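Participant: Provide a 3D model corresponding to the input given below.
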Amino acid sequence: QVQLVESGGGLVQAGGSLRLSCAASGRTFSSMGWFRQAPGKEREFVTVVRWSDSITWYADSVKGRFTISRDNAKNTVLLQMNSLKPEDTAVYYCAASIRSFARYNYQSQGTYDYWGQGTQVTVSS
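Facilitator: Numbers count the residues shown, from 1 in each chain. Down below sits the predicted model:
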């Protein structure tokens with residue numbers, strides 16, 4: 001059974017930092033990443049790392065502030081979030097794909113086959 005288990009969300013003041021973790025079990029993936037969904041908004045792409053070569057992609061809104069990394073031994077992906085802003089407030093979802101980005105859009109939710117339960121990140125002003 002495939003599971004993605006997130007941890008690390010919470011409440012932080014603007015300018016602060018948080019680190020999210022997503023531990024995967026049950027199979028290996030071609031990529032793992034994060035989406036987020038703010039109240040009243042659609043779920044949006046945040047970042048992803050491709051397992052084969054560690055190439056990463058980021059949404060423009062988080063470039064330079066967020067960093068995705070992986071721990072191969074633990075089949076875990078980490079999201080370090082710095083310089084947080086109130087507009088980063090959302091439920092953050094871990095996502096994993098078994099598909100190739102050569103054929104699928106890494107920013108599309110439909111590219112990802114497995115999802116975590118979500119973790120709340122709240123940034124106060």
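Participant: CA atoms for contacts and neighbours, from now on please.
Facilitator: Noted.
Participant: Just the pLDDT for residue 93.
Facilitator: According to the prediction, residue 93 has pLDDT 98.
Participant: likewise residue 103?
Facilitator: 83.
Participant: do the same with residue 28
Facilitator: The score at residue 28 is 89. That number is its pLDDT.
Participant: And residue 74, by the same measure?
Facilitator: Note for residue 74: predicted pLDDT of 83.
Participant: mind listing the strands for the chain?
Facilitator: Using DSSP state E, the strands assigned to the chain run over residues 3-7, 10-13, 18-25, 31-37, 44-50, 56-58, 66-71, 76-81, 90-97, 114-115, 119-124.
Participant: Give the buried residues for the second one.
Facilitator: Yep, that's strand 10-13 we're talking about. Within strand 10-13, the residues that count as buried by 16 or more other C-alpha atoms under 10 Å are residue 12.
Participant: From the rest of the structure, what touches it?
Facilitator: Strand 10-13 has contacts (C-alpha atoms under 8 Å, 6 or more residues apart in numbering) with 18, 84, 120, 121, 122, 123, 124, 125.
Participant: For that strand, which strands pair with it and how are they oriented?
Facilitator: Strand 10-13 has these partner strands in its sheet, going by DSSP bridges: strand 119-124 (parallel).
Participant: can you check the shortest one too?
Facilitator: Strand 114-115 sits in its sheet next to strand 90-97 (antiparallel), going by DSSP bridges.
Participant: One more: the fourth one?
Facilitator: Applying DSSP bridges to the sheet, strand 31-37 is found paired with strand 44-50 (antiparallel), strand 90-97 (antiparallel).
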